[in-house]
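**Student:** Test case, fold it:
(chains A and B)
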Protein chains: 2
Amino acid sequence: MDERAFHFSILVRQGHARRGKILTPHGLIDTPAFMPVGTAATVKCLTPRQVVECGAQILLANTYHLMLRPGSPTVAALGGLHRFMGWDRPILTDSGGYQVFSLAELRRIDDDGVTFRSHVDGATMRLDPESSIRIQNELGADIIMAFDECPPLPAPREDLERAVRRTVTWAARCVACHHHSRQALYGIVQGGLDVALRRSCLRSLVELDFPGYAVGGLSVGEAPEEMARLLAEFVPEMPEERPRYLMGVGTPADLVRAVGSGIDQFDCVLPTRNGRKGYAFTSTGVLRLQNSRFKRDPGPLDPGCACECCRGFSRAYLRHLFMSRELLGGTLVSIHNLSYYQALMKRMRTAIETGQFDRWSSEFLSRPVRDDPEEP
Amino acid sequence: MDERAFHFSILVRQGHARRGKILTPHGLIDTPAFMPVGTAATVKCLTPRQVVECGAQILLANTYHLMLRPGSPTVAALGGLHRFMGWDRPILTDSGGYQVFSLAELRRIDDDGVTFRSHVDGATMRLDPESSIRIQNELGADIIMAFDECPPLPAPREDLERAVRRTVTWAARCVACHHHSRQALYGIVQGGLDVALRRSCLRSLVELDFPGYAVGGLSVGEAPEEMARLLAEFVPEMPEERPRYLMGVGTPADLVRAVGSGIDQFDCVLPTRNGRKGYAFTSTGVLRLQNSRFKRDPGPLDPGCACECCRGFSRAYLRHLFMSRELLGGTLVSIHNLSYYQALMKRMRTAIETGQFDRWSSEFLSRPVRDDPEEP
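**Tutor:** Numbering: from 1, shown residues only, chains lettered A, B, ... in the order given. This next block holds a predicted model:
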């Protein structure tokens, strides 16, 4: 790892919460940071400029989807993922592991890797630590992820132990075959809700000296309180001087609790996926725009928000777009939801800087509003 | 009609072609002008800002769609169409007639108006000159259209004659009930491909002294050459000092020929509808982005174009978006196609200003490229 290409520094701590900066070849990331999901090299419905205007400094793309279509050699031939998708800020790619386990057909896991059938054209494909890293090298993200096994919860103890064993072995193979000094390779901790198992996994990973560590295998079926309890106990034990990334999480409340436990990075499809369905996160709770009470509501989605959607359009207009199945509705509410998430991260960074995080987060978490990820 | 609210002036003429300006309560329109179609109060997939960046100075919205959903009283309660859709430039609404004839179910026409069943909720509805004007008054566009009968071509002579008769009677009823001095009401000439019938229709309309005149009932089944022939003969006979609007037309070549005949305004769904399907208008002909030859094409859609799509993205990336059914593809190619249409209009305006329109249009029309509206 080239220290000039990737560097993490903590500026301020409050309790377990940290306010930091990650330097990457494509620029700085203020942490705690939220990464919008751009699965197939596009944050669905939004131009890169719109994603930037929401405040995002880094986004995530999915190796599994891109290896199937258009294929990493094609992305590489076109100059890499940044140029391909017109995004010149940092990118993180996942390893493909999670999607293989959750999306692929006829998936067969062995100790060496995973054989599966492409959901695009039915072709039989193989993903293992070496091919995941090779593909991520070709895509060229600033941060790439080790190939891990991510079992859904609840899982029998022996499944979790086997997943940890494989994740650790595969992590070592990822380190061994990753030679791009300008891409930071993060290790992923598995172990379900079992703190002892998480500790054991982390100990093995730390021997490999990753520049960053992710908590994987959460938000996969367990209750939000169970996740929060595990994070509160486990995250403070993660290497202090390395960024900590909680994968695939979560609701605004999940984020606030996890920052309080010391997490620095997040990604989640909620703001965009729910946005496309007319489900808006706002400072006064969640709104379902299809609700008839918005038929003549002239107010903005969120009076406290300055995004393009809230500046220009009424709830009544947004409702009209969803009732008429006009795609602009999904675009505008995705813009709002991403702006809401980015504003929330900024609020947390400021609260940590000013020593008010504990008080602010208590207040936030006691709001009498729903923001659970219930699908509309 | 308030002269300060609506004023048309011709700056330069070359042959039958005219370079002019229309003043409206929401600003100036340079003519010849192309109006993107925002059927349900949204140019599909685009934010108003993106539509402005394409160069549009005016857009069209469909009375038929808006009367069904959300209803003109709702739009009026929310401050009118401009505020409702976040578009502060001029808007033109059509009368609803064309859509009733082409989209509505169980449609029954009589001399007084049309009864039909809503395609949204099946309700029985009625549209006639008075209700069309009332709805357009409530929507509040800068330019509104008389309620006409538009038969598909080819049509028996007696159908065309009856349509002209009704169109003229209905036009007088529209004038009689339209009292908003800040909305310019255009008359619509019908008569199919029969110049004598068009003349007779126009003569009756001119007695009503409309501030603008539209040619309706074209691009409804006839060959492009038939339309061009009718326009070349008929348009120069239309009132010289009033804007002339060719409804629902057309391909780039249609536009160039029609400007040569003296048309000032156009609207058409082609750039956006075809854009959403991956069909791009470019200076070197049409491209279908799904074509496998673009798989690794690093070039922009159109090297001669400076739009957001051509500045930021390769043909290979756009193809990837369409192959992956990512909606951003439709957004980006709609942006390009609208920018292409607006640049074409600007090129024509400049050519007229500099006295080069005849030479330029001959060259343009002899290009060895296809730009017919074939659906991808």
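
**Student:** Report the mean confidence score over stretch A:36-53.
**Tutor:** Confidence for stretch A:36-53, expressed as mean pLDDT, is 98.

**Student:** Low-confidence ranges, the stretch 251-376 of chain A, go.
**Tutor:** Low-confidence segments of the stretch 251-376 of chain A (pLDDT under 70): A:370-376.

**Student:** which residues in the stretch 51-200 of chain A form strands?
**Tutor:** A:59-61, A:91-93, A:105-109, A:114-117, A:124-127, A:143-145, A:184-189 (DSSP state E, counting those that start in this stretch).

**Student:** Buried residues, stretch A:354-365. List them.
**Tutor:** Neighbour-count burial for stretch A:354-365 flags A:357, A:360, A:361, A:364 (criterion: 16 or more other C-beta atoms under 10 Å in any protein chain shown). For the C-beta atoms, the positions are set from N, CA and C on the backbone; glycine is no exception.

**Student:** Could you tell me which residues make contact with the first one?
**Tutor:** Under the criterion of C-beta atoms under 8 Å, 6 or more residues apart in numbering or on different chains, the contact partners of residue A:357 comprise A:14, A:15, A:17, A:259, A:260, A:348, A:351.

**Student:** same thing but 7 Å
**Tutor:** The contact partners of residue A:357, taken as C-beta atoms under 7 Å, 6 or more residues apart in numbering or on different chains, are A:14, A:15, A:17, A:348, A:351.

**Student:** now do the last one
**Tutor:** Remark: with contacts taken as C-beta under 7 Å, 6+ apart, residue A:364 is in contact with residue A:256.

**Student:** for the second one, same thing?
**Tutor:** Residues in contact with residue A:360, defined by C-beta under 7 Å, 6+ apart, are residue A:351.

**Student:** pretty sure it is in a strand, no?
**Tutor:** No. Residue A:360 is assigned helix when assessed by DSSP: H, G, I helix; E, B strand; the rest coil, not a strand.

**Student:** What's the separation between it and residue A:339?
**Tutor:** Remark: distance between residue A:360 and residue A:339 (C-beta to C-beta, to the nearest Å) = 19 Å.

**Student:** Kindly report the same for the third one.
**Tutor:** When C-beta to C-beta is applied, the distance between residue A:361 and residue A:339 equals 20 Å.

**Student:** Next up, phi/psi of the one residue sitting closest to the centre of chain A, please.
**Tutor:** Compute the mean C-alpha point of chain A, and by C-alpha atoms, centre = their mean the closest residue is residue A:267, 1.4 Å away. Here is the backbone geometry of residue A:267 (degrees, to the nearest 10): phi -140, psi 150.

**Student:** ok, back up a step: what two of the contacts of residue A:357 are the furthest from one another?
**Tutor:** The two members of these with the most space between them (C-beta to C-beta) are A:15 and A:348, at 12.4 Å.

**Student:** neighbour-wise, which of these two wins?
**Tutor:** Each of residue A:15 and residue A:348 has its neighbours counted (other C-beta atoms under 10 Å in any protein chain shown); residue A:348 has more, 23 against 14.

**Student:** pretty sure the more buried one contacts residue A:34?
**Tutor:** No. Assessed by C-beta atoms under 7 Å, residue A:348 is found out of contact with residue A:34, at 9.7 Å.

**Student:** Now do the SS call for the residue of chain A most remote from its centre.
**Tutor:** Relative to the C-alpha centroid of chain A, counting by C-alpha atoms, centre = their mean, residue A:296 is the outermost residue, at 35.8 Å. Following three-state DSSP, the label given to residue A:296 is coil.

**Student:** can you pull the contacts of it?
**Tutor:** When contacts are counted by C-beta under 7 Å, 6+ apart, residue A:296 touches A:316, B:74, B:77, B:78.

**Student:** Run a quick neighbour tally on the last one.
**Tutor:** Residues near residue B:78, counting by other C-beta under 10 Å, number 20.

**Student:** and the gap between residue A:29 and chain B?
**Tutor:** The gap separating residue A:29 from chain B is 22 Å, by C-beta to the nearest C-beta, to the nearest Å.

**Student:** for that residue, phi and psi?
**Tutor:** Here is the backbone geometry of residue A:29 (degrees, to the nearest 10): phi -130, psi 120.

**Student:** Which residues of chain A lie near chain B?
**Tutor:** Within chain A, the residues that sit near chain B (C-beta under 7 Å from any C-beta of the partner chain) are A:40-42, A:44-47, A:69-70, A:74, A:77-78, A:84-86, A:295-296, A:298, A:308, A:312-314, A:316-317, A:320-321, A:323-324, A:326-328, A:331.

**Student:** quick one: residue A:75 and residue A:68 touch, right?
**Tutor:** No. Contact between residue A:75 and residue A:68 fails when scored by C-beta under 7 Å: they sit 11.9 Å apart.

**Student:** neighbour-wise, which of these two wins?
**Tutor:** Under the criterion of other C-beta under 10 Å, the comparison of residue A:75 against residue A:68 puts residue A:75 first, with 27 against 21.

**Student:** ok, now which ones touch that one?
**Tutor:** The contact partners of residue A:75, by C-beta under 7 Å, 6+ apart, come to A:66, A:81, A:84, A:138, A:139.

**Student:** CSV please, covering the residues you listed and showing pLDDT, distance to residue A:290 and neighbour count.
**Tutor:** Putting the contacts of residue A:75 into CSV (pLDDT from 0 to 100; distance: C-beta to C-beta, whole Å; neighbours: other C-beta atoms under 10 Å in any protein chain shown) gives the following:
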residue, pLDDT, distance to residue A:290, neighbour count
A:66, 98, 33, 28
A:81, 98, 35, 23
A:84, 98, 35, 25
A:138, 98, 42, 20
A:139, 98, 37, 23
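
**Student:** contacting residues around residue A:129?
**Tutor:** By C-beta under 7 Å, 6+ apart, the contact list for residue A:129 reads A:113, A:147, A:170, A:173, A:174, A:177.

**Student:** check contacts around the third one.
**Tutor:** Just to be clear, that refers to residue A:170. Going by C-beta under 7 Å, 6+ apart, residue A:170 touches A:129, A:146, A:147, A:148.

**Student:** From those, which land in helices?
**Tutor:** With DSSP state H as the criterion, helices contain residue A:129 from among the contacts of residue A:170.

**Student:** hmm, which of the contacts of residue A:170 are the buried ones?
**Tutor:** A:129, A:146, A:147, A:148.

**Student:** Do I have it right that the second one meets residue A:171?
**Tutor:** Yes. Counting by C-beta under 7 Å, residue A:146 touches residue A:171, with 4.6 Å between them.

**Student:** Spit out the residues that contact these two alike.
**Tutor:** What both residue A:146 and residue A:171 touch, as defined by C-beta under 7 Å, 6+ apart, is the set residue A:187.
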